[in-house]
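Student: Sharing a model that was predicted from the sequence below.
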Amino acid sequence: MHVIVHGGAGSPSDSPAARQETLSDAAERATGTDRPMNAVLTALRPLESNPAFNAGVGGAIQSDGEVRTDAGLMTDDGQAGAVCAMSGVVHAADVARTVGTETPHVLLAGDEAVDFAAGMGIETGQDLTTPETRQRYADADSPDGGPANHLEWVRTHFSGTDTVGAVATDGDRLAAATSTAGRWFALAGRVGDVPQIGAGFYADDRGGASATGEGEAIARFGLARRAVDLLETYGPRQAAEEAIAAFEDTTGGRAGVIVLDHAGHTGTEHNTAAMQTATR
């Protein structure tokens, strides 16, 4: 099994060595699985549980004080599932997989997605905040009232780019997945690129990609699909580079992308200050 994992594109971490060890361990565990779909889920679970990454536990808090998780997963034969705006769910990628494999749908959202997860045996009702994230939210002094009251505050405070993702292949099949808690201080219910096919994740018979960064710009551009399209012309390394160059030229945004083809060749590129990855 060939695997590439990323821990998000954004500012440099305060503990890059510890994060890199977690990423490397996640990629190593993923290589022992039997299928690419299981490999990407195995890689993402420890990242979703680790507050050092912006996925489940310790993830970004929205304007109303809630952490909401999103994820998407796709295989090279076109099977796809995604979820968004889920409160209390750490392993959003597992829910996305279940949507894709057990329902006729592609995307479930909000409380109904949480209810679905619970009904399928995935743990819900978890506290995704940490003392550090609760303090950061408290220090931002969110205003009282509904969404309209929050709009100017959101414009001032909205920030962050991190996400986690993985792509895996056994040389025959391939899967790509991305998971996130979104961006800090977003308007409650905001959903970015991660659960949108072709934006935060994409896979087909050419390869797969997982994107991370400024979700609104990534969604408008379709970064993951663009990177895979470029595999028609380039290897994964140059496809990633060309995709980020075109993304920056078109949107002016900040992002990163990982790319993997069926032969196990990898590519990664970012225009943020940092982006940590691991390959096996």
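Tutor: Ah, there it is.

Student: Centre of the chain to the helix or strand of the chain at the bottom of the mean pLDDT ranking, how far?
Tutor: When the helices and strands of the chain are compared on mean pLDDT, DSSP states H and E, helix 147-157 comes out lowest with a mean of 84. Its chain's average C-alpha position is 24 Å from that of helix 147-157, according to CA atoms, centre = their mean, to the nearest Å.

Student: Residues in contact with that helix: which ones?
Tutor: Residues outside helix 147-157 that contact it (CB atoms under 8 Å, 6 or more residues apart in numbering) are S63, D64, A140, S142, P143, W184, F185, A186, L187, A188. Where C-beta positions appear, they are placed from N, C-alpha and C, glycine not excepted.

Student: helix or strand right after it?
Tutor: The helix or strand immediately downstream of helix 147-157 is strand 164-169, counting by DSSP states H and E.

Student: Check which helices and strands the next helix or strand after that following strand sits against.
Tutor: Later in the chain than strand 164-169, the nearest helix or strand by DSSP H and E is strand 174-180. Other helices and strands packing on strand 174-180, by 3 or more CB pairs under 8 Å, 6 or more residues apart in numbering; DSSP states H and E, are helix 36-48, strand 68-75, helix 92-102, strand 164-169, strand 201-204, strand 207-213.

Student: Output those in JSON lines; the columns should cover mean neighbour count, distance to Y234 and mean pLDDT.
Tutor: Output for the helices and strands packed on strand 174-180, formatted as JSON lines (neighbours: other CB atoms under 10 Å; distance: least, CB to CB, whole Å; pLDDT from 0 to 100):
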{"stretch": "helix 36-48", "mean neighbour count": "25", "distance to Y234": "22", "mean pLDDT": "98"}
{"stretch": "strand 68-75", "mean neighbour count": "32", "distance to Y234": "21", "mean pLDDT": "98"}
{"stretch": "helix 92-102", "mean neighbour count": "25", "distance to Y234": "28", "mean pLDDT": "98"}
{"stretch": "strand 164-169", "mean neighbour count": "32", "distance to Y234": "16", "mean pLDDT": "98"}
{"stretch": "strand 201-204", "mean neighbour count": "28", "distance to Y234": "16", "mean pLDDT": "98"}
{"stretch": "strand 207-213", "mean neighbour count": "33", "distance to Y234": "11", "mean pLDDT": "98"}
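
Student: Could I get those in a markdown table, plus columns for distance to G59?
Tutor: Formatted as a markdown table, those follow (distance: least, CB to CB, whole Å):
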| stretch | distance to G59 |
| --- | --- |
| helix 36-48 | 9 |
| strand 68-75 | 7 |
| helix 92-102 | 10 |
| strand 164-169 | 10 |
| strand 201-204 | 18 |
| strand 207-213 | 13 |
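
Student: between those, which one is nearest to C84?
Tutor: Among the helices and strands packed on strand 174-180, strand 68-75 comes nearest to C84, with 4.2 Å by CB to CB.

Student: relative to strand 174-180, how tilted is the closest one?
Tutor: 170 degrees (axes from the mean of the first three to the mean of the last three CA atoms, to 10 degrees).

Student: which stretch among the helices and strands packed on strand 174-180 comes nearest L260?
Tutor: Of all the helices and strands packed on strand 174-180, strand 164-169 sits nearest to L260, with 4.0 Å by CB to CB.

Student: Please work out the angle formed by the directions of the closest one and strand 174-180.
Tutor: Using the same axes, to 10 degrees: strand 164-169 against strand 174-180 is 170 degrees.

Student: which residue ranges form the strands in the stretch 1-150 of the chain?
Tutor: Remark: strands assigned in the stretch 1-150 of the chain by DSSP state E, counting those that start in this stretch are 2-10, 68-75, 80-87, 107-109.

Student: quick revisit: max pairwise distance over the contacts of helix 147-157: which two?
Tutor: Between all members of the contacts of helix 147-157, the farthest pair (by CB to CB) comes out as P143 and W184, at 15.9 Å.
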